[in-house]
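Enquirer: Structure, please.
(one chain, ligands or ions: 1)
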Amino acid sequence: MVRLGAMMEFEWGTSTLKTEVELYPQSREPDLAGLFVGEWRDPFLVVDASVRMLWDGLLQPAILSSSGIYAMEAEEILKNTFSLSQIWDSMSSAGINRDTPVVVVGGGLVCDMGALAASTYLRGLPLMLVPTTLLCMVDACLGGKTGVNLSGNKNQVGTFYPAGRIVISTRFLETLPGREYRSGMAEVIKTALIGDRGIENLLREASVYGGSNEAVPEVVRRSLAVKGAVVEADLTERGSRMVLNLGHTVGHALESASGFRLSHGEAVGLGMLAEAAMAVALGGDRNLPGEIHRMLDVVGLPGRMDVDPLMEEIRKRLERDKKTRRDARTWALPFDWCDCRLVPLTPDQEAELLPGALEVLKV
Ligand SMILES: NC(=O)c1ccc[n+]([C@@H]2O[C@H](COP(=O)([O-])OP(=O)(O)OC[C@H]3O[C@@H](n4cnc5c(N)ncnc54)[C@H](O)[C@@H]3O)[C@@H](O)[C@H]2O)c1
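Expert: Model (predicted):
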């Protein structure tokens, strides 16, 4: 098979696990069926039902050369153990064996579920991911986290199971709704802050996608390079991988306190701003909140919200946050570009820092 565009390889720990990432240039349409050769022939497909409909012409040859298919709606309420068991049942009905590869085509939700099914069915099958959202391309596809929700709690059941192969075509983004695209951009900004300031210069161009805009695959490549380095150092999130939670501690609280009126990306963007303000209070760079605000503006994400009516709810949500352990919670705080630190804060320290941090979000 001819490898198109950038090619990256990540190795995980001391084991022999390896992830190959292939990135198509924007100008080339992918040939999925053409990927199914050698160890990847006759795969079982797990596909996002909307993507299947929107990309029928591209997917049909892949479906015809597969050994079975499970199509699912990408809805958070369906990201559960029941849907997981339906994928297993479908794998069983298709009669797949330990050599059958699983190919997942979809955004983060379908990739998380398909990868969990692949990691558990017959104790683990070869896995290829074909991400179709920006968030999944720049973040979720790499790093091996799989999962489903349990009793309303996000990703409570899961495994660490890095895909053997990730094939990325930014052409899929042509049909992605703008709000989903901007959600992915929040993760791009997070990645730039963590490890590659140069991504900032690509944001304006990449905020418009389609055609032959090669800024988008370049943003994907650079984001994956940063995430890959973080995850290679700590696959199972014992320590340093937690920097990837930047923006998410406040972000998750805002997302749920707003009754999910804020999208995940909008909430993470605002979360990064608030957390940068917390870092300033602890001696971080004073210019950073302003710089984050400008980047959010460039990609069309909000940099302000009326937090006053939500204060009590935000506080409650933060208390319930699953990262809380004993008395101190570990925060990923951006002190400067490429200087995101893990800072344990006690409830008293949080109570002191949070009001000022949320102040920066006010309209
Ligand atoms: N494993 C990880 O490391 C990781 C990291 C971040 C997020 N996640 C998970 O990812 C999920 C969110 O994923 P997401 O933001 O990629 O979105 P998603 O998978 O929830 O999809 C969002 C919407 O976009 C649609 N869609 C997908 N691709 C499309 C395309 N090309 N054209 C048109 N519509 C398309 C889907 O059908 C869905 O309606 C969450 O469940 C989250 O927990 C996992």
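Enquirer: Not including adjacent chain positions, what is the nearest residue to residue 102?
Expert: Excluding the flanking residues, the one nearest residue 102 by CB to CB, 6 or more residues apart in numbering is residue 118, at 3.8 Å. (C-beta placed from N, C-alpha, C; glycine too.)
Enquirer: show me the contacts for the one you found.
Expert: 46, 102, 104, 124, 125, 126, 127, 161 (CB atoms under 8 Å, 6 or more residues apart in numbering).
Enquirer: need the residues of the stretch 51-200 of the chain near the ligand, please.
Expert: Contacts of the stretch 51-200 of the chain with the ligand, taken as CB under 6 Å from any ligand atom, map to 51, 54, 74, 76, 79, 106-110, 112, 132-133, 135-136, 139-140, 143, 145, 154-155, 172, 175-176, 180, 183.
Enquirer: Please go through the chain and pick out the longest strand.
Expert: strand 328-336 (DSSP state E).
Enquirer: Put the alpha carbons of it into PDB.
Expert: Written as PDB, here are the backbone C-alpha positions of strand 328-336 (Å, rounded to 0.1, in the frame of the first residue of the first chain):
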ATOM      1  CA  ALA A 328      -6.200  17.600  46.800                       C
ATOM      2  CA  ARG A 329      -7.200  17.600  43.100                       C
ATOM      3  CA  THR A 330      -4.500  17.700  40.400                       C
ATOM      4  CA  TRP A 331      -5.000  20.600  38.000                       C
ATOM      5  CA  ALA A 332      -3.300  21.000  34.600                       C
ATOM      6  CA  LEU A 333      -2.500  24.700  34.600                       C
ATOM      7  CA  PRO A 334      -0.800  26.600  31.800                       C
ATOM      8  CA  PHE A 335       1.900  28.800  33.300                       C
ATOM      9  CA  ASP A 336       3.200  29.800  29.900                       C
END
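Enquirer: Off-centre distance for that strand?
Expert: Relative to its parent chain, strand 328-336 has a centroid offset of 19 Å by CA atoms, centre = their mean, to the nearest Å.
Enquirer: For that strand, which strands pair with it and how are they oriented?
Expert: strand 324-325 (antiparallel), strand 339-345 (antiparallel) (DSSP bridges).
Enquirer: Buried residues, that strand. List them.
Expert: Buried residues in strand 328-336, defined by neighbour count with 16 or more other CB atoms under 10 Å: 329, 330, 331, 332, 333, 334, 335, 336.
Enquirer: Understood, closing this out.
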